[in-house]
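Engineer: Here's my sequence, what's the structure:
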Amino acid sequence: MKIGLFIPCFMNELYPNICKATYKLLKNQGLDIDYPMNQTCCGQPMANSGCSKDIKTLAINFVNTFKDYDYIVAPSGSCVTMVKEHYAEFFHDNKDYNKVKTSIYEICEFLHDIIKIENLKFDHSFPYKIGVHNSCHGHRVLKLATASELNIPYNSKLKNLLNKVNDIEIVTLKREDECCGFGGTFSVQEEAISVAMGKDRVKDHLDSNAQIITGADMSCLMHIDGIINRDNTPIKVMHITEILVGVRP
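Structural biologist: Just a heads-up that it's a prediction; the model follows:
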């Protein structure tokens, strides 16, 4: 199968090493990976600001760019959600979009559900205490973990993947699926609330003795990392692909 790697624009600019880790993680599974050079932003920043009409050009470009791949994989749950949930109004049951919509996966979802977790093997050791931050889009839209309000047995695809890594210890948080307060432009428009929510997430990890905060959405981790750096808090942030591929903090 041919996989198109979709790298969110902000990660391409700010976190190239995480993008490389994503590529390496997929290649390590023996997969055929292609990075189409004409990909651009998925349009999520405009959607967060209420400028939905401005997304159309980006949506059309995205579908034309990725329509011929068997799967599209990205290291960002919110960007994947953008494509799956907010493009339909521009395509009116178009067969190319319908294919893209059903073929795009966040990388943890792809490894867990398509490659299958029983087929994965990580040979490296990662002897650290990890706290998992469940970003809202991935958590509740992509079902990367069970939302607590459902009151059903808990399952986390992120934790299932991390538990395949030798010597890792995943800590238990008091609030497993609380929002970090990022929300795209929300963090600008409602700065005080956003920062307070982010500080709460950091404190929960600290109280649980986590050494590293990880997750599947770098936008949320970027927000958390900014708070950590401003306060000189003794905890690190890593994208889950870095841990799964063997990058050390």
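
Engineer: What are the boundaries of the helices in the protein?
Structural biologist: Per DSSP state H, the chain carries helices over the ranges 9-14, 16-27, 44-48, 56-66, 77-86, 95-103, 107-109, 136, 157-162, 186-189, 191-207, 218-231, 240-245.

Engineer: and those, which one is worst for confidence?
Structural biologist: Per-stretch mean pLDDT for the helices of the chain is lowest at helix 186-189 (a mean of 75).

Engineer: in that helix, what's buried?
Structural biologist: Buried residues in helix 186-189, counting neighbours by 16 or more other C-beta atoms under 10 Å, are found at 186-187. In short, each C-beta sits where N, CA and C put it, glycine included.

Engineer: Repeat that for stretch 40-51.
Structural biologist: For stretch 40-51, by 16+ other C-beta under 10 Å, it's 41-48.

Engineer: Check stretch 122-134 too.
Structural biologist: Residues 122, 126, 128, 130-134 are the ones in stretch 122-134 that count as buried (16+ other C-beta under 10 Å).

Engineer: Can you measure across it, start residue to end residue?
Structural biologist: With C-alpha to C-alpha, to the nearest Å as the measure, stretch 122-134 spans 22 Å from end to end.

Engineer: roughly how far out does that stretch sit from the chain middle?
Structural biologist: Chain-centre distance of stretch 122-134: 16 Å, with C-alpha atoms, centre = their mean, to the nearest Å.

Engineer: can you check stretch 205-224 too?
Structural biologist: 12 Å.

Engineer: Check stretch 16-30 too.
Structural biologist: Its chain's average C-alpha position is 14 Å from that of stretch 16-30, according to C-alpha atoms, centre = their mean.

Engineer: any idea how far Asn119 is from Tyr128?
Structural biologist: Distance check for Tyr128 against Asn119: by C-beta to C-beta, to the nearest Å, it reads 25 Å.

Engineer: any chance of the buried residues of stretch 40-51 in CSV, plus distance to Asn12?
Structural biologist: Conversion of the buried residues of stretch 40-51 to CSV gives the following (distance: C-beta to C-beta, whole Å):
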residue, distance to Asn12
Cys41, 10
Cys42, 12
Gly43, 15
Gln44, 14
Pro45, 14
Met46, 17
Ala47, 19
Asn48, 18
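
Engineer: Quick check: Thr241 touching Tyr23?
Structural biologist: No - with contact defined as C-beta atoms under 8 Å, Thr241 does not reach Tyr23; the gap is 9.1 Å.

Engineer: More neighbours: these two, which one.
Structural biologist: Neighbour count, other C-beta atoms under 10 Å: between Thr241 and Tyr23, Thr241 has more, with 26 against 18.

Engineer: separation between that one and Ile18?
Structural biologist: Thr241 is 6 Å from Ile18, where distance means C-beta to C-beta.

Engineer: quick one, phi psi at the residue in the chain sticking out farthest from the centre?
Structural biologist: Outermost residue of the chain with respect to the C-alpha centroid, by C-alpha atoms, centre = their mean, is His92; its distance is 27.6 Å. Backbone torsions for His92, taken as degrees, to the nearest 10, come to phi 50, psi 60.

Engineer: okay, the buried residues of stretch 122-134 in TSV with distance to Lys174 and pLDDT next?
Structural biologist: Output for the buried residues of stretch 122-134, formatted as TSV (distance: C-beta to C-beta, whole Å; pLDDT from 0 to 100):
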residue	distance to Lys174	pLDDT
Phe122	28	93
Phe126	24	97
Tyr128	20	98
Ile130	16	97
Gly131	11	97
Val132	13	97
His133	13	94
Asn134	13	92
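
Engineer: Fine, thanks again, bye for now.
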